[in-house]
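>>> no FASTA, just this:
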């Protein structure tokens, strides 16, 4: 107790006395990582190979037959010394991306991971099954091939540019949506964050997220885009363990027939700008809003916020890295506070 | 200045007053991530596909023709409030693994990332090109197929078990090397850290590591196994920017003909136990020792430490996660201190 108080005092003082513009230190009582979930698969009938792992190295015999660990999920956690969140905050990224979504923005500002950590939330950031540090499985375990995105694709699909054909290799010739908050000058850096993804692995991904819930929760889950499906479905699978849901432009939803399972879980759904001008987003938004309506009809509490309607304009699909990302995080933090999800003094 | 002093004081006090066994908080002036390096490749002549990214979602048109970002590398950094290292410490992992190597050990203890951070080193941990958060490239960019390891493979090859045939699905039947320090009870968790890797990407990996050096250094580089090749070669490419090298069981080395380029870079090479009993490790060690001799002949300072010879026994190839990992980290930290790599008060 004394330790926490003392450090808290020191931090509070530096906030006042520190040089203008310098951020306060982040004080962690712990940080680390683990993998959850997954299963073993057995492969047989393949030829033994001799593989030299390092040029000029000593060859090793690799027998591809045998048992493989697949579909595990990587989770990295940061626990603040002065925890003010009543529950840990789990962050789940969108498709073709990883937990890097919530780290430093492409143009080098602090992302939502640091933001919520600084606000006192214990943050668990992860890479979905087959993405990033979760690793991917040998051939024939997942159906089909992974999908790779061109440098142009997210620019045209994430409401940064003006739809199909708006990307050009020459940054000066790119047709950006007017007033867009995405840091377009660092678009190349964002492209480096993109990773391949299968489109047939939803069930495995959901299982691993549920394994994370079983290990870490009760908790609040913040999820983005593809993880719309996982956030709502995982909460339907573990309604007692999920204390709030924050859906950032969910691209999929839960089972509408089981919306009643979510009736005690306060939920925030956030959409950015330019949706009406896009070829796909009006329908994606409609699916989310319709699911929110089903939750409300079942007695649930859902707040759907279209950012432009509350005066926050220019947000792309990647609002956690947009230039006004702190403004949106403030809105989410305030919502969590209003819902009683922060510790009472 | 006052800020640092105050926090330092608070931390020092908690070290004395905290409950037995509770670690001091980690105080960071910043943490974040970025990608470095990589290149653009253009793919043409392929068919356009319609892909539904999320079950029940809205189909999107995916044109596989176009330009792709490939061979970038992910780096995550943690900068301590009270930095005592004179240079940042870069950590490079071995083959088939990622930066997770240096995070929490499979059995849940602190890894070398936290260790060196707590000692006051600014740590930059990364995933080699095509591993983990660096992402991998579309077909035809890398030569050949990725290699996947069975659950048995690292057990038999990393001097945890007694070589080929020592692994058994039943933990009770596994033939562990007597006195082994690897946390065998958490071997399954370690297997989850393994990721696929190509064996044809050394040049791309080296380029990305050099890009990291150009961004972050002067620095000290600690590298493991496959990264032996990268650590020594990157230092040969940027000798002025590398202030020390710490090679943990390097599986490859630099260009012996250019050993003189490393003569001003103090180097530590560390080997674990059981090497003589293994089918491959005597030769791997001999290659490293021979390179160390070439460096010495060129006027360099190289300390080769075989841990058993200094009384530290039972270490596997994964000594950073072995049960005595702190003892080995202490030895490395002392060496860096002796070499004048810590800040003078």
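Perfect, I can see it now. Note that the structure is predicted; figures quoted are calculated from it, not measured. Residues are numbered from 1 along each chain as shown, chains lettered A, B, ... in the order given.

>>> C-alpha only now, for contacts and for neighbours.
Fine.

>>> tell me how many other residues crowd the closest residue to residue A:49 other than its chain neighbours.
Among residues not flanking residue A:49 along the chain, residue A:62 sits closest, at 5.1 Å (C-alpha to C-alpha, 6 or more residues apart in numbering or on different chains). If you count neighbours by other C-alpha atoms under 10 Å in any protein chain shown, residue A:62 ends up with 17.

>>> pretty sure residue A:62 contacts residue A:47?
No - between residue A:62 and residue A:47 there is no contact under C-alpha atoms under 8 Å: 9.1 Å.

>>> check which helices and strands the helix or strand harbouring residue A:327 is in contact with.
Assigned by DSSP states H and E, residue A:327 belongs to helix A:325-338. Contacts defined by 3 or more C-alpha pairs under 8 Å, 6 or more residues apart in numbering or on different chains; DSSP states H and E place helix A:325-338 against helix A:112-118.

>>> does any bit of the helix or strand following the helix it packs on sit next to chain B?
Sequence order places strand A:123-127 as the next helix or strand after helix A:112-118, per DSSP H and E. No - on the criterion C-alpha under 8 Å from any C-alpha of the partner chain, strand A:123-127 is out of touch with chain B, staying 8.7 Å away.

>>> which other residues reach strand A:123-127?
Outside of strand A:123-127, the residues within contact range by C-alpha atoms under 8 Å, 6 or more residues apart in numbering or on different chains are A:73-79, A:88-93, A:98-99, A:102, A:113, A:116-117, A:133-134.

>>> from those residues, list just the buried residues.
A:73-79, A:88-93, A:98-99, A:102, A:113, A:116-117, A:133-134 (16 or more other C-alpha atoms under 10 Å in any protein chain shown).

>>> of the residues you listed, which are in range of chain B?
Filtered for proximity to chain B (C-alpha under 8 Å from any C-alpha), the buried ones among the contacts of strand A:123-127 shrink to A:98, A:133-134.

>>> ok, so of those, who is nearest residue A:276?
residue A:98 (27.4 Å; C-alpha to C-alpha).

>>> burial of the residue nearest to that closest one when sequence neighbours are not counted, as a residue count?
Using C-alpha to C-alpha, 6+ apart and skipping the chain neighbours, the partner closest in space to residue A:98 is residue A:127 (4.9 Å). By the criterion of other C-alpha under 10 Å, residue A:127 has 29 neighbours.

>>> need the pLDDT of residue A:127.
Residue A:127 carries a pLDDT value of 98.

>>> of all residues in chain A, which one is nearest the centre?
Nearest to the geometric centre of chain A sits residue A:93, at 2.3 Å (C-alpha atoms, centre = their mean).

>>> correct me, but it touches residue A:101?
Yes - using C-alpha under 8 Å as the test, residue A:93 is close enough to residue A:101 to be in contact (6.4 Å).

>>> what parts of the stretch 151-300 of chain A come near chain B?
A:151-153, A:189, A:191-196, A:199, A:202, A:226, A:229, A:251-252, A:280, A:283-284.

>>> ok so, going back, which of the ones next to chain B among the buried ones among the contacts of strand A:123-127 sits closest to residue A:320?
Nearest member of these to residue A:320, counting by C-alpha to C-alpha, is residue A:98, at 13.1 Å.

>>> need phi/psi at that closest one.
Main-chain torsions, residue A:98, degrees, to the nearest 10: phi -140, psi -170.

>>> that one touches residue B:133, doesn't it?
Yes - if you go by C-alpha under 8 Å, residue A:98 and residue B:133 touch, sitting 7.3 Å apart.

>>> what do these two both touch?
A:131-132, A:193, A:195.

>>> of all those residues, which two lie farthest apart?
A:131 and A:193 (11.2 Å).

>>> these two: who's more crowded?
A count of neighbours by other C-alpha under 10 Å puts residue A:131 above the other of residue A:131 and residue A:193, at 27 against 24.

>>> gap between that one and residue B:71?
16 Å (C-alpha to C-alpha, to the nearest Å).

>>> if we can go back for a sec, chain B: which of the ones next to chain B among the buried ones among the contacts of strand A:123-127 is nearest?
Chain B lies nearest to residue A:133 out of these, by C-alpha to the nearest C-alpha, at 4.3 Å.

>>> which phi and psi values does the residue lying closest to the closest one once chain neighbours are set aside adopt?
Leaving aside its sequence neighbours, residue A:133 sits nearest to residue B:132 (C-alpha to C-alpha, 6+ apart; 4.3 Å). Reported as degrees, to the nearest 10, the phi and psi values for residue B:132 are phi 50, psi -130.

>>> count of neighbours near residue B:132?
32.

>>> helices of the stretch 151-300 of chain A, residue ranges please.
A:152-157, A:187-193, A:202-216, A:227-237, A:281-297 (DSSP state H, counting those that start in this stretch).

>>> which residues are contacting stretch A:165-181?
Contacts of stretch A:165-181 (C-alpha under 8 Å, 6+ apart): A:152, A:155-156, A:159-162, A:185, A:274, A:313-316, A:322-324.

>>> hmm, back to that, need the residues touching each of residue A:131 and residue A:193.
A:97-98, B:133.
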